[in-house]
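# Dropping a prediction and its sequence here:
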Amino acid sequence: MREALAHLARQTYRNFDVYVVTDEAETIAQDGLVVTCLSSGAVPPNYKRKMAAEQSDADVVALLDDDAYPVGEWLSAAVAHFENGDVVAVGGPGVTPPGDSPSQRASGAIYASPLVSADAVYRYLPLAPRDVDDYPSCNLLVRREPFLRHVQSCLRYWPGEDTKLCYLLTKVEHKRIVYEPRALVYHHRRNLFWGHFRQVWNYAVHRGFFAKRYPATSLRAQYFAPSTFVLGNLLALVALPFFPASRSLLGGAALVYALLVASSAMGAQGRPRPNPTLVALGIYLTHLTYGVGFLVGLSRAELDH
């Protein structure tokens, strides 16, 4: 959090206030910033964001996780888009910091791999600007009025509250969410293996549930791909004893998959470069974890609070 405050003090755009919401009451100061400290009790981050937005009178609320810190032009690059009345929100990439540990850098490289994030790798790398209809709240700026209008109905889900919010903003209000690569933050990753896979599991369960509840933004082929991979592996294990002639076909498919994973791991970006062995193993286990978690979410009638 203090790292984020230090970088907020260096923003080129200066017309903003900072709200820090913690479980217990704290007094937090940062030279060059007006910091308002709020205490929420032990609640998820989505409740804390709602509390801060209700206290503010700004036209736009900028959501930033406490384990992320922005570049100097973060706000100036994003705020410019709100001059267009059709734009309701702006998101930017969350890049793995170069100072993260080897296991954290491997986690970041896994998320930044097209084999894992498919066409959403722009969430983890600065790529070309575009419109999106689903964006994570770790780096998201939203007009305050529509945010407050919808945030209460999103509180049930964590993670996943941002998926419902973006659905309401784009499919119900028919507004635009813009991806701006210059609105970049550095986002510390979870460690391999436990932290990373616990996060992947939570993402997958919520996405599987949302594929039924909000198909307009979640019923997409790339979200089903890991589950198809898991079910295909199980089917191959069951069928192999009965169809020995299929061994060469299955072996060829496994070889192609292994080559794709190895190529992605060897091409992982970052300085220092992530460990290719960790990345390759992590991609494989991420596919398995997400695939099973997505099926669990798909099977649930509702998600727990």
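Sure thing, it's come through.
# residue boundaries of the helices in the stretch 51-200 of the chain?
Ranges of helices in the stretch 51-200 of the chain, per DSSP state H, counting those that start in this stretch, are 74-79, 102-111, 114-117, 144-154, 161-167, 194-213.
# can you pull the buried residues of the last one?
Same thing as helix 194-213. 196-197, 199-201, 203-211, 213 (16 or more other C-beta atoms under 10 Å). Any C-beta I mention is one placed from the backbone N, CA and C, and that applies to glycine too.
# now swap in the fourth one and tell me
Neighbour counts over helix 144-154 (16+ other C-beta under 10 Å) mark 144, 146-147, 150-151, 154 as buried.
# And the average pLDDT for it is what?
Here helix 144-154 scores 97 as its mean pLDDT.
# Spatially central residue in this structure, please.
P136 (4.5 Å; C-alpha atoms, centre = their mean).
# Next up, the contacts around the nearest residue to L125 once chain neighbours are set aside.
What sits nearest to L125 in space, not counting adjacent residues and going by C-beta to C-beta, 6 or more residues apart in numbering, is A112, at 5.4 Å. A112 makes contact with 96, 121, 124-125, 268-269 under the criterion C-beta atoms under 8 Å, 6 or more residues apart in numbering.
# cutoff 10 Å now
With contact taken as C-beta atoms under 10 Å, 6 or more residues apart in numbering, A112 is in contact with 93, 95-96, 121-125, 264, 268-270, 274, 279.
# now do G282
Residues counted as contacts of G282 (C-beta under 10 Å, 6+ apart) are 103, 106-107, 109-111, 113, 116, 192-193, 196-197, 200, 261, 265, 274-275, 289.
# mind checking how far A25 is from Q11?
26 Å (C-beta to C-beta, to the nearest Å).
# burial count for G99?
Neighbours of G99 under the rule other C-beta atoms under 10 Å: 10.
# How about L303?
L303: 16 neighbours (other C-beta under 10 Å).
# go on, G232?
Counted with other C-beta under 10 Å, the neighbours of G232 add up to 13.
# What helix or strand is it located in?
helix 221-239 (DSSP states H and E).
# quick one: the strands in the chain?
Using DSSP state E, the strands assigned to the chain run over residues 18-22, 35-39, 60-64, 68-70, 87-91, 94-95, 130-132, 139-143, 176-179, 185-187.
# how about the second one: buried residues?
For strand 35-39, a neighbour-count test (16+ other C-beta under 10 Å) marks nothing as buried.
# what does the first one give?
Residues 18-21 are the ones in strand 18-22 that count as buried (16+ other C-beta under 10 Å).
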